[in-house]
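Peer 1: need a 3D model of the following:
(one chain, ligands or ions: 2)
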Amino acid sequence: MKASIHESRIQVSCMQQDLFSTPPAGLIKMPMVDAEVHYQADFLDQDTANQLYQNLMVNLAWQQESIQIYGRKVAIPRLQAWYGDKQTTYRYSGLEMHPIPWTKELYSLKQKLEQACDSQFNSVLANWYRNGQDGMGWHADNETELGEQPVIASLTLGYPRDFDFKHRRSAQKIRISLQNGSLLVMAGNTQQHWLHSLPKRSNLVQGRINLTFRKILF
Ligand SMILES: O=C(O)CCC(=O)C(=O)O
Ligand SMILES: [Fe+2]
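Peer 2: Numbers count the residues shown, from 1 in each chain. Ligands and ions are numbered 1, 2, ... in the order given. The predicted structure is shown next:
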């Protein structure tokens, strides 16, 4: 009996602290096991989000990357651009992305998000899903250069899209419809226990831009 009380104490003291000791007003913690995910539908007002969407669509250096799948080069179904501090090279699926220096808009968003998330970011991956044919398959943002418990702040601009989580062990699924101007924050052990994806939507003609602010460790 004593031993088990002792054990549970140890467990509690080893449990990971939440990102926020007092969660900022507006951010709602999702009821997910083994994860720390917060969401705010109206982080940016609609006008600001619409203007940013138009601005970034025209002004970011969008590229369609290809990745190797079973030795074949396949174009990924979305456009991407990687911005950030000088040394923040990012590698995934055989791709190596070198950052473009911050634009004024992206830098001021980074500062706003650092304040909202009580975290530091040194880079942002921008994804442009031109329509429902574009999407992103199941993955976790668990590259070693992000560290064990990365804080990832993800902004949505443009037409809402479903965003799915799947628990690695139980296969439990959770869907969030990410709204124009919304903020999704993934922290703690989320990447260790859950995968996420942006499913394609066959008849959707509207576009969405997603900005995922990250901290690359060296
Ligand atoms: O578009 C999204 O919301 C997801 C993007 C994402 O998962 C990623 O860039 O790693
Ligand atoms: Fe991701």
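
Peer 1: ok, now which ones touch the residue of the chain found nearest ligand 1?
Peer 2: Proximity of the chain to ligand 1 (CB to the nearest ligand atom) peaks at N210, 3.4 Å away. Using the backbone N, CA and C atoms, a C-beta is placed for each residue, glycine as well. By CB atoms under 8 Å, 6 or more residues apart in numbering, the contact list for N210 reads A126, N127, W128, Y129, S154, L155, T156, L157, L178, L198.

Peer 1: repeat for A41
Peer 2: Contacts of A41 by CB under 8 Å, 6+ apart are Q179, G181, S182.

Peer 1: pretty sure L60 contacts T103?
Peer 2: Yes. Using CB atoms under 8 Å, L60 is in contact with T103, at 7.4 Å.

Peer 1: for the protein, what lies in contact range of ligand 1?
Peer 2: Contact residues, the chain versus ligand 1 (CB under 6 Å from any ligand atom): L125, N127, M136, D141, S154, F163, H196, L198, N210, T212.

Peer 1: switch to 5 Å and redo it
Peer 2: Within the chain, the positions near ligand 1 by CB under 5 Å from any ligand atom are L125, N127, L198, N210, T212.

Peer 1: ok, and what's touching the strand or helix carrying the second one?
Peer 2: Counting by DSSP states H and E, the element that carries N127 is strand 123-129. In this structure, residues lying in contact with strand 123-129 by CB under 8 Å, 6+ apart are 56-57, 60, 62, 78-85, 88, 90, 97, 99, 106, 109-110, 134-136, 161, 198, 207-216.

Peer 1: ok, now which ones touch A116?
Peer 2: Counted by CB under 8 Å, 6+ apart, A116 has contacts P24, L27, F43, A153, L183.

Peer 1: before I go, just wanted to say thanks for your time.
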